[in-house]
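Peer 1: task: produce atomic coordinates for the following.
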Amino acid sequence: MKKLTLPLSKQTVQSLKAGDSVLLSGTILTARDCAHKRIFSLLDSGEKLPFKIDGSTTYYAGPCPAKPNTVSGSCGPTTSARMNIYAPRLLDLGLNAIIGKGEMSDEVQKAIIKNRSIYFAAIGGAGALYANCIKQSELIAFEDLLSEAVYKLEIIDFPAIVAYDCFGGKIY
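Peer 2: Numbers count the residues shown, from 1 in each chain. Okay, here's the model as predicted:
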C-alpha cells in the first residue's frame, strides 16, 4: 500500500496507476448531492464559495452524527455516478481528487485526464471502518443540510484504491 498525504501534488497524482492500493492522510471535504446543488447555485450566481475547491479532495459521503466521545459516526462512500453532472466543472476549477464508490461517466474520466486529477474508490459498507480513520471533523458549509452539509475531515490511513488515474487507466 502506498501512503499518501493530502493534498496531493501533481507529481504524486501522476505516479499513481489504476488499481494501486493507498492509505490517504490529510484533509478532505465531504459533499453529497444536496451540497453539490448548493455549490453550483453559488457558482452560477457568481458568489464566493465558503471553502476552497482548488487543490482539494472531495469525499462523496455524509457523516452520521458522532456518538459521545467519538469524532464522527459512520462515514461510508455514496454512489459517485450521482455526481457525474457536477464533477467535470469542479475538476476544471481545480478539484484535485475525488473519493467515492463505483463507476463514473466517460465525461468525468475525460475531465480527470484533462486536469491531471484522480478518482479513488472507497469500499461500500465500510462506513464504521472509515469513521475510525477520521481524527477531526468540522462542519464548514450548509449546516441546514445536516449530514449532507460540507464537512472538513482530517483523516489518517484511509484505505482506498485508485479507480481512475490521470492517464485514462481505470479498474472498472
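
Peer 1: quick one: residues contacting P50.
Peer 2: I140, A141, V150 (C-beta atoms under 8 Å, 6 or more residues apart in numbering). To be clear about C-beta, it is placed using only N, CA and C from the backbone, and glycine gets the same treatment.

Peer 1: so what's R116 closest to, chain neighbours aside?
Peer 2: C166 (4.6 Å; C-beta to C-beta, 6 or more residues apart in numbering).

Peer 1: number of residues surrounding G46?
Peer 2: Using other C-beta atoms under 10 Å, the number of residues around G46 comes to 6.

Peer 1: helix, strand, or coil at it?
Peer 2: Three-state call for G46 (DSSP: H, G, I helix; E, B strand; the rest coil): coil.

Peer 1: is it correct that G94 is in contact with I53?
Peer 2: Yes - if you go by C-beta atoms under 8 Å, G94 and I53 touch, sitting 5.6 Å apart.

Peer 1: between these two, who's got more neighbours?
Peer 2: Neighbours were counted for G94 and for I53 using other C-beta under 10 Å; I53 has more, 18 against 13.

Peer 1: and the gap between that one and Y59?
Peer 2: 14 Å (C-beta to C-beta, to the nearest Å).

Peer 1: give me the neighbour count for L146.
Peer 2: 11.

Peer 1: mind listing the strands for the protein?
Peer 2: 2-5, 21-30, 57-59, 97-100, 118-121, 134-141, 150-164 (DSSP state E).

Peer 1: so which of these is nearest S41?
Peer 2: strand 134-141 (12.1 Å; C-beta to C-beta).

Peer 1: residues of stretch 136-144 that come out buried?
Peer 2: S137, A141, F142 (16 or more other C-beta atoms under 10 Å).

Peer 1: just the CA atoms of that stretch, as PDB, please.
Peer 2: Extracted in PDB, the C-alpha atoms of stretch 136-144 (Å, rounded to 0.1, in the frame of the first residue of the first chain):
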ATOM      1  CA  GLN A 136     -11.100  15.700  13.300                       C
ATOM      2  CA  SER A 137     -14.400  16.800  11.800                       C
ATOM      3  CA  GLU A 138     -15.700  20.400  11.300                       C
ATOM      4  CA  LEU A 139     -18.900  21.500   9.700                       C
ATOM      5  CA  ILE A 140     -17.800  24.200   7.300                       C
ATOM      6  CA  ALA A 141     -20.800  24.900   5.000                       C
ATOM      7  CA  PHE A 142     -24.500  24.400   4.600                       C
ATOM      8  CA  GLU A 143     -25.400  23.500   8.200                       C
ATOM      9  CA  ASP A 144     -29.100  23.200   7.300                       C
END
